[in-house]
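Undergrad: How does the following fold in three dimensions:
(4 chains)
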Amino acid sequence: MFRISTEPLDPAALQRSLADAHAGACVTFEGWVRDHNDGRPVLALDYEAYAPLAEKEGARILAEAREKFAIVGAVCIHRVGSLRIGDLAVWVGVSAAHRGAAFDACRFVIDETKARVPVWKKEHYADGDTAWINCATRGDHAAAVKS
Amino acid sequence: MFRISTEPLDPAALQRSLADAHAGACVTFEGWVRDHNDGRPVLALDYEAYAPLAEKEGARILAEAREKFAIVGAVCIHRVGSLRIGDLAVWVGVSAAHRGAAFDACRFVIDETKARVPVWKKEHYADGDTAWINCATRGDHAAAVKS
Amino acid sequence: MITVHIQYFAILREQRGVARETLSTPATTTAALYDELRTRHGFSLPRDRVRAAVDESFVAWDTPLRDGQNVVFIPPVAGG
Amino acid sequence: MITVHIQYFAILREQRGVARETLSTPATTTAALYDELRTRHGFSLPRDRVRAAVDESFVAWDTPLRDGQNVVFIPPVAGG
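TA: All right, here's what the predicted structure looks like:
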C-alpha cells in the first residue's frame, strides 16, 4: 500500500498492518523534518504531491520491491502539508522472513520514492528565504530558487 | 543504549527516545518470532541471555556503530523469556542526518548483535522437538541438538 | 486548436499564480505546450528538468495532445 | 586447587542440570576447566565452538584462572 496523507501518520498502526506469522524481520524507515539542509538552518517544510500519479507510481515501486526481494509486506505513506521540525514526513515499512530482504527492500522503496514519486518540498529558512528543493536552475543565486 | 529486557518491548517509546532536531532519518529493525525455521514449523521460542556480558558487548557494538557511521542516536533492546509467534524479540533503532548512515548502522548493529552478543534461542517445534539454535554438533541427528 | 486542462504544482504553481486552468492551445504535443507556457509565464525550469503527465500517467514529450486531456508538468521531485 | 564460581546458560545449563555451581578444580586455565567439565558432564559442544568469559569479560582460553573468579562458558550465540 502506497498512500499520500494529509493527516499525521500513525507508525504503530502502519507497522501492525505488516504483522504476519511468516515474517521474522520488519525494517522501517522514517523521514523526519530536520533543522538543517546543506548547511542552512531550516524552520519548516511544505510538502505537496500530485496525489493520483504519486499513488500510482508508488504502487509500481512497491510491486517492483516485491519482485526483486523475498518480502512478505510493504507499505509507504507520504505526508503532505505544512510540517515542522521533528514531524514525520514519510514512513516505509517492509516485513520479510529474513532481515536481508527487509533491509534491501526498505532502502529500495525510499530511494525510488524520493527519485520518482511526484512529491515536492519547499523549505523555509531561518533568514526568511524559501526554496523548492531540487528546482534550482543555472543562474539562480546560491543553489536554490528563491521565491 | 543496549539492554536485555525480561518485559515486552515498547517500540513507540524506544523510537521517541531517538527524536532529535538534527536527525532526518530513523531506521528501525524488529525481529519477530516466525512460524518456521529451516523448513520446520515453530510454535514458540525461549530466549536466554548472560545479561551483564550481553549489555557490555552490546554497548561496544553501539560505540563501534557511532565510530563507523555518521549517526545521531542508536538503541538496541533484546527480549528474553518465552515468546510466541509474532512476538517482538529484538528492536534496533538508529537516527541520523541522512538515511544512508541510518540504514548501514542499523544493519551493522543487528548483524553484530546476532554474531557476538551472548543471547541464546531454543526453538519449540510442532512435532514436540526442541533445539538450541546454532548448537548442533557433528553426529547430531538432522541439524539440531535435540533435548 | 484544442482545449486542455492543466494542473500546476510546487514551483510551477507559484510561478503561474494559479493551481489549475483550462486553455485553448495550438500545441499538438506536451513539449510544444510546455514551451508555450514557459514563454508566456516565465517558468524558470527548462523542459529537460521537467516531465509531462497526461490523464494521470507519465508520457513522452512527443506524445500527441488530444482535446479535453488533463495535463500536468512535473518539476524535479523531492519527496522523503 | 582453586575455587571458582560457574554459571551455565542455554544448552550447557540443560546438559549440566544446574544454572550455577561453585567447585574446586586443579585447572589453571579456562581451557583446562572446560575440558574437565565436558568430560565430567558430557557436554556435546567441543571447546572450539565455545568461548570463555571471566568476571563478565570474554577471555582467551589460555587465561590463567584465579581463586574466586566467576567463569561462564558461552555456547554459540543466537540472538535476534
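
Undergrad: Identify the residues contacting residue 56.
TA: Reading this off chain A. Shown in contact with residue A:56 (CB atoms under 8 Å, 6 or more residues apart in numbering or on different chains): C:56-57. Placement of C-beta: from N, CA and C, glycine included.

Undergrad: The chain in question should be chain C.
TA: A:52-53, A:56, C:70.

Undergrad: Just the ones of these in strands?
TA: Using DSSP state E, the members of these that fall within strands are residue C:70.

Undergrad: so what's residue A:90 bridging to?
TA: With DSSP bridges as the criterion, residue A:90 is bridged to residue A:31, residue A:78.

Undergrad: I should have written residue A:42 there, sorry.
TA: Going by DSSP bridges, residue A:42 forms beta bridges with residue A:125.

Undergrad: mind checking pLDDT for it?
TA: With respect to pLDDT, residue A:42 scores 92.

Undergrad: From residue A:8, how far out is it?
TA: 19 Å (CB to CB, to the nearest Å).

Undergrad: got it, and residue C:78?
TA: From residue C:78 to residue A:8 the distance is 20 Å (CB to CB).

Undergrad: Count residues in the vicinity of residue 26, would you?
TA: As the question left the chain open, I've gone with chain A. Using other CB atoms under 10 Å in any protein chain shown, residue A:26 has 26 neighbouring residues.

Undergrad: my bad, chain C
TA: Quick note: residue C:26 (other CB under 10 Å) scores 9 neighbours.

Undergrad: quick one: contacts for it?
TA: Neighbours of residue C:26 in contact, by CB under 8 Å, 6+ apart: C:1, C:32, C:36.

Undergrad: how about the strands in chain C?
TA: C:2-7, C:20-25, C:51-54, C:57-59, C:70-74.

Undergrad: Identify all contacting residues around the first one.
TA: Around strand C:2-7, the neighbours that count as contacts under CB under 8 Å, 6+ apart are A:50, C:19-25, C:27, C:33, C:37, C:65-73.

Undergrad: Buried only: go through those for me.
TA: Buried by 16 or more other CB atoms under 10 Å in any protein chain shown: A:50, C:23, C:25, C:27, C:33, C:37, C:65, C:69, C:71-73, out of the contacts of strand C:2-7.

Undergrad: between those residues, which is closest to residue B:128?
TA: Taking CB to CB as the measure, residue B:128 lies nearest residue A:50 of these, at 56.9 Å.

Undergrad: Settle it for me: which of residue A:42 and residue A:8 has more neighbours?
TA: residue A:42 (19 against 11).

Undergrad: my guess is that one contacts residue A:36, does it?
TA: Yes - in this structure residue A:42 lies within contact range of residue A:36 using CB atoms under 8 Å: 5.8 Å.

Undergrad: And for residue C:59, the neighbour number?
TA: 17.

Undergrad: how much space between it and residue A:42?
TA: For residue C:59 relative to residue A:42 (CB to CB), the value is 34 Å.

Undergrad: Who's the closest spatial neighbour of the residue in chain C positioned nearest to chain B, skipping the chain neighbours?
TA: For chain C, the residue closest to chain B is residue C:80, as judged by CB to the nearest CB, at 7.6 Å. Of all residues not flanking residue C:80 in the chain, residue A:114 sits nearest, at 4.0 Å (CB to CB, 6 or more residues apart in numbering or on different chains).

Undergrad: try residue C:47
TA: residue C:34 (5.4 Å).

Undergrad: what sits against the residue positioned nearest the centre of chain A?
TA: Centrality entry for chain A: nearest residue to the mean C-alpha point is residue A:90, 3.7 Å, by CA atoms, centre = their mean. Counting by CB under 8 Å, 6+ apart, residue A:90 touches A:29-31, A:76-79, A:110, A:113, C:79-80.

Undergrad: So which bits of stretch A:86-101 are buried?
TA: Within stretch A:86-101, the residues that qualify as buried are A:87-97, A:99, A:101, counting by 16+ other CB under 10 Å.

Undergrad: can you tell me which of those residues are in strands?
TA: Using DSSP E, the buried residues of stretch A:86-101 in strands are A:88-96.

Undergrad: Pull the number of nearby residues for residue A:16.
TA: Using other CB under 10 Å, residue A:16 is surrounded by 10 other residues.

Undergrad: Could you list the contact residues of chain C toward chain B?
TA: Residues of chain C lying near chain B by CB under 8 Å from any CB of the partner chain: residue C:80.

Undergrad: Next up, the contacts around the residue nearest to residue A:21 when sequence neighbours are not counted.
TA: The spatially closest residue to residue A:21, leaving aside those adjacent along the chain, is residue B:35, at 4.1 Å (CB to CB, 6+ apart). When contacts are counted by CB under 8 Å, 6+ apart, residue B:35 touches A:21-22, B:41-42, B:85.

Undergrad: And residue A:87, by the same measure?
TA: Listed by CB under 8 Å, 6+ apart, the contact set of residue A:87 reads A:8, A:32-33, A:45, A:79.

Undergrad: Can you give me the distance of the residue nearest to residue A:52 when sequence neighbours are not counted to residue B:5?
TA: Computed as CB to CB, 6+ apart, the closest residue to residue A:52 that is not its neighbour in sequence is residue C:56, at 4.7 Å. Distance check for residue C:56 against residue B:5: by CB to CB, it reads 48 Å.

Undergrad: All set now, cheers.
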